[in-house]
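J.: how would this look folded up:
(2 chains)
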Amino acid sequence: MERAVRLLDAGRSRPLPALALALTLVAGGFAAWAGQDWYRAAHDERAGYAAQRDAALSAGEQAVQNLNTLDHRELDRGLDLWESSTTGELHEQLADGREEFAAQVKEAKTVSTARVLSGAVTELDDRAGRARVLVALRVTVEAADGAKSDKDSRMLGELTWTDGRWKLSALGQAPVGGTSTG
Amino acid sequence: MTPTWLPRRAAAPEPGTGAGPDPDREAATEPGTEADPDREAATEPGTEADPDPEAATGPGTGTAAAAGPATGTAPGDAEAAGDAPAGTGGPKGRLRRAALASAVAVLVLGGCGFFYAAHQLRSQAPARNHALTDAEATTRVAGDVGDALARIFSYTPDGTAAAERSASAVLDGRAARQYETLFARVRDDLTEQRVTLSTRAVRTGVIELDGDRARLLVFLDQTSHRGDAKGTGTGKGKADTGATTAAAQLTVTARLDDDRWRIVDIKAR
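T.: As a prediction, this is how the structure comes out:
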């Protein structure tokens, strides 16, 4: 008798397949497609690269701003920030010249405040951990007598990925009138 | 087994007995499954499960001869046997249908979840900005915009027309109006003071690139000569020899129009 019931089962399931199978297949297909689409999006190299680019830009802008900001009343804090924002050769230069520079600023009693006007990443090698940024900067210098002066400068920075974050490894002004090509 | 089972099934229609727990019958019809077609059939008379055809199912499949006397109510054995699957199929099929439906629902929901997650990932701000990630487009917009700026801000005392012609080709929107205003103001002075200006984009960085819109930061060098560029002395006491170079920082908004990048806004930084 069990056999008979089995047979019945088999016979009974006959009306289902056509529609149900198609429906299941469509649903399964959709799920599979969406799944691999998500996987691709999640493992998209471009997205990772884009995130690195944005990280490099914000770190670069912050570092450039840090390095152009210094208050003679808070020298140590400012110079510590300089050192923590940099790495490599630039870091060494700053560390080596620290005493001398601190003495100069103390005497001049200036307060420099920098503001980033705009910035862009021009190169990014996320594997090598290197990036270059352009930063347009406005530095306000307040002299000892309270006179303020604004100076706009355009900086070229090079960033290196160090200790899990982007740090400035070189910084300079973009040369003006270097080679005139007309 | 069939003979002992059949008569009992035929007698089953009386209410009460059908619902009663009958180990024999249970074992015979539904070995080890949770759904109990018998009880269902007995408790819901008049629905798709009809006791009589149900009784005929057993014989219907295998022993057609026995089915005749046993059921009696079903005129056509074939018919009864044909209906039977649907009858027994009700509860179990319902279960199966439910399982299938939930499986489909899970798949569809899962798919939607993935779809949404992928969309979320793609629409995140970093991913939408193709600056550098699309190297080709980035180089192109940077080159186009740098060239355009160099052309519109370079002129000789006699050749402002060329700059203005370029401007009408590469500027649009607000930038075009800004440029016109600027030029209207200085055009006469330029000719009078014999100013030659040459502009060069020293560095160009793409801040943002999203499809047909881009924002760039451009560092410009602008070298101006006053007087005759040849340096033959024009009698204006001052500096025909002097060339002064000024640095300019601009953020430029550009739009891709007919496969050409046109500058729509310029802001000095």
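
J.: alpha carbons only for contacts and neighbour counts from here, please
T.: Will do.

J.: closest point of the stretch 101-250 of chain B to chain A, which residue?
T.: For the stretch 101-250 of chain B and chain A, the shortest gap (CA to the nearest CA) falls at residue B:111, measuring 3.8 Å.

J.: which ones are touching that residue?
T.: Applying CA atoms under 8 Å, 6 or more residues apart in numbering or on different chains to residue B:111 gives the contacts A:27, A:30, A:31, A:32, A:33, A:34, A:35.

J.: go again using 7 Å as the cut-off
T.: Applying CA atoms under 7 Å, 6 or more residues apart in numbering or on different chains to residue B:111 gives the contacts A:30, A:31, A:34, A:35.

J.: assess the claim that the last one and residue B:114 are in contact.
T.: Yes: checked against CA atoms under 7 Å, the pair residue A:35 and residue B:114 is within contact range at 5.3 Å.

J.: can you report how many residues lie near residue 128?
T.: Since you didn't name a chain, this refers to chain A. Look at residue A:128: counted by other CA atoms under 10 Å in any protein chain shown, it has 9 neighbours.

J.: meant chain B, my bad for not saying
T.: Neighbour count of residue B:128, defined by other CA under 10 Å: 17.

J.: which element is residue B:205 on?
T.: Using DSSP states H and E, residue B:205 falls within strand B:195-210.

J.: list the buried ones in that strand?
T.: Counting neighbours by 16 or more other CA atoms under 10 Å in any protein chain shown, one finds that the buried residues in strand B:195-210 are B:195-209.

J.: just those that are near chain A?
T.: Contacts with chain A within the buried residues of strand B:195-210, counted by CA under 7 Å from any CA of the partner chain: B:198, B:199, B:205, B:206, B:207.

J.: residue ranges with poor pLDDT in the stretch 51-200 of chain B?
T.: Along the stretch 51-200 of chain B, segments meeting pLDDT under 70 span B:51-90.

J.: give me the domain ranges for chain B.
T.: B:2-93, B:135-268 (automatic domain parsing).

J.: er, chain A actually
T.: A:2-36, A:47-173.

J.: could you confirm whether the longest one reaches chain B?
T.: Yes: Domain A:47-173 comes into contact with chain B (CA under 7 Å from any CA), by way of A:47, A:49, A:50, A:51, A:54, A:117, A:119, A:120, A:121, A:122, A:134, A:136.

J.: what about the second one, how many residues close to it?
T.: Read that as residue A:49. Other residues near residue A:49 number 20, with proximity taken as other CA under 10 Å.

J.: now do the first one
T.: Taking other CA under 10 Å as the neighbour definition, residue A:47 ends up with a count of 22.

J.: also the fifth one?
T.: Neighbour count of residue A:54, defined by other CA under 10 Å: 20.

J.: got a pLDDT number for it?
T.: Model confidence at residue A:54, given as pLDDT, is 93.

J.: now for it: which residues touch it?
T.: residue B:126.

J.: got it, and the first one?
T.: In this structure, residue A:47 makes contact with B:126, B:127, judged by CA under 7 Å, 6+ apart.
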